[in-house]
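Engineer: need a structure here:
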Amino acid sequence: MILAGIQKNSFIDYPGKISCVLFVSGCNFFCPYCHNSDLAKGKIPAPVTTGEAIAFLESRQGMLEGVVITGGEPLLSPFIEDLCRILKAIGYPVKIDTNGSRPDALERLLDQHLVDFVAMDIKAPLDQYGFFCREPDITDRLKESIRLIMTAAPAYEFRTTCVSPFVDDVSIIAMARAIEGADCYALQKFNPQAVCLNPSFGQETDPALSSESMARLQSLSAAFVRRCLIR
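Structural biologist: I've put the predicted structure just below:
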């Protein structure tokens with residue numbers, strides 16, 4: 001398996017752990033504000049073989065505390081189970097970042113105890129994903145991923161990138177309702193300095209929300225989940 005890149009140290013991608021981040025290329029969503037545009041397009045900007053990644057991780061045992069697999073959309077890869085199995089075999093907790101569109105693949109990982117933490121992005125109210133994904137039955141698959149995560153994941157969080165015009169008071173309540181009772185909901189600030197999948201996104205108006213707007217979204221969401229934070 002050829003990975004699209006490796007970040008050898010991260011203090012923020014795996015909550016509570018110093019981690020290594022492995023990047024997988026390819027995505028079935030086309031979010032205009034996506035910061036990993038090359039990966040979303042299926043490009044491999046910094047190729048790393050699985051063997052090279054594993055050799056690095058073995059050399060850092062005792063220093064690193066976990067591995068994050070992100071993308072793109074990692075659950076599209078036919079090799080994701082093998083990769084997770086290798087990482088677990090050498091002793092690393094594994095975190096998967098996902099858009100929730102592949103509950104079948106997620107279920108296989110959870111059933112085999114191959115992941116320790118799942119982070120799922122909530123882009124919009126679940127019945128309004130047409131702007132981000134043209135696949136059929138996406139709403140049902142998102143709901144199934146949410147169910148699996150909340151009932152079977154050892155640890156998890158849901159997260160939303162708060163960006164105008166996609167996230168406002170009405171939509172955030174709908175998103176929070178979709179994960180009602182969840183352990184953690186992270187509201188992420190949009191980075192206006194990043195290069196987006198759609199290069200023209202945010203050129204005419206600033207899509208970033210103010211600190212006051214973020215605090216309001218947090219207040220609205222907090223009524224539905226156990227913990228809501230701004231990241």
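
Engineer: now the helices for the protein?
Structural biologist: Using DSSP state H, the helices of the chain run over residues 37-40, 50-59, 80-89, 103-111, 138-152, 169-178, 211-222.

Engineer: and of the ones you listed, who's closest to Pro15?
Structural biologist: For Pro15, the closest of the helices of the chain is helix 138-152, at 14.7 Å, according to C-beta to C-beta. (C-beta placed from N, C-alpha, C; glycine too.)

Engineer: quick one: average confidence on the closest one?
Structural biologist: In this model, helix 138-152 carries a mean pLDDT of 98.

Engineer: Likewise for stretch 44-56?
Structural biologist: 95.

Engineer: what does that stretch contact?
Structural biologist: 1-6, 8, 20, 22-23, 25, 38-39, 79, 83, 86-87, 90 (C-beta atoms under 8 Å, 6 or more residues apart in numbering).

Engineer: 6 Å - rerun?
Structural biologist: Met1, Ile2, Leu3, Ala4, Gly5, Ile6, Leu22, Ser25, Asp38 (C-beta atoms under 6 Å, 6 or more residues apart in numbering).

Engineer: Leu22 is in contact with the third one, correct?
Structural biologist: Yes. With contact defined as C-beta atoms under 6 Å, Leu3 and Leu22 form a contacting pair (5.4 Å).

Engineer: In terms of neighbours, single out the busier of the two.
Structural biologist: Per other C-beta atoms under 10 Å, whichever of Leu3 and Leu22 has more neighbours is Leu22, with 25 against 21.

Engineer: What residues are bridge-paired with that one?
Structural biologist: With DSSP bridges applied, Leu22 shows beta-bridge pairing to Ile6, Ile69.

Engineer: CA-only coordinates of the least confident helix or strand in the chain by mean pLDDT in CSV, if you can.
Structural biologist: Least confident helix or strand, the chain: helix 37-40 with a mean of 88, by mean pLDDT, DSSP states H and E. In CSV, the C-alpha atoms belonging to helix 37-40 read as follows (Å, rounded to 0.1, in the frame of the first residue of the first chain):
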residue,chain,number,x,y,z
SER,A,37,-7.3,19.3,-1.7
ASP,A,38,-4.6,17.0,-3.2
LEU,A,39,-5.8,14.1,-1.2
ALA,A,40,-9.4,14.7,-2.0
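
Engineer: What lies in contact with that helix?
Structural biologist: Ala4, Ser25, Cys27, Cys34, Pro45, Gly71, Gly72, Leu197.

Engineer: Make CSV from the residues you listed and add distance to Arg216 and neighbour count to it.
Structural biologist: Shown next, in CSV, are these (distance: C-beta to C-beta, whole Å; neighbours: other C-beta atoms under 10 Å):
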residue, distance to Arg216, neighbour count
Ala4, 36, 22
Ser25, 36, 24
Cys27, 30, 23
Cys34, 25, 22
Pro45, 37, 12
Gly71, 30, 23
Gly72, 32, 26
Leu197, 27, 19
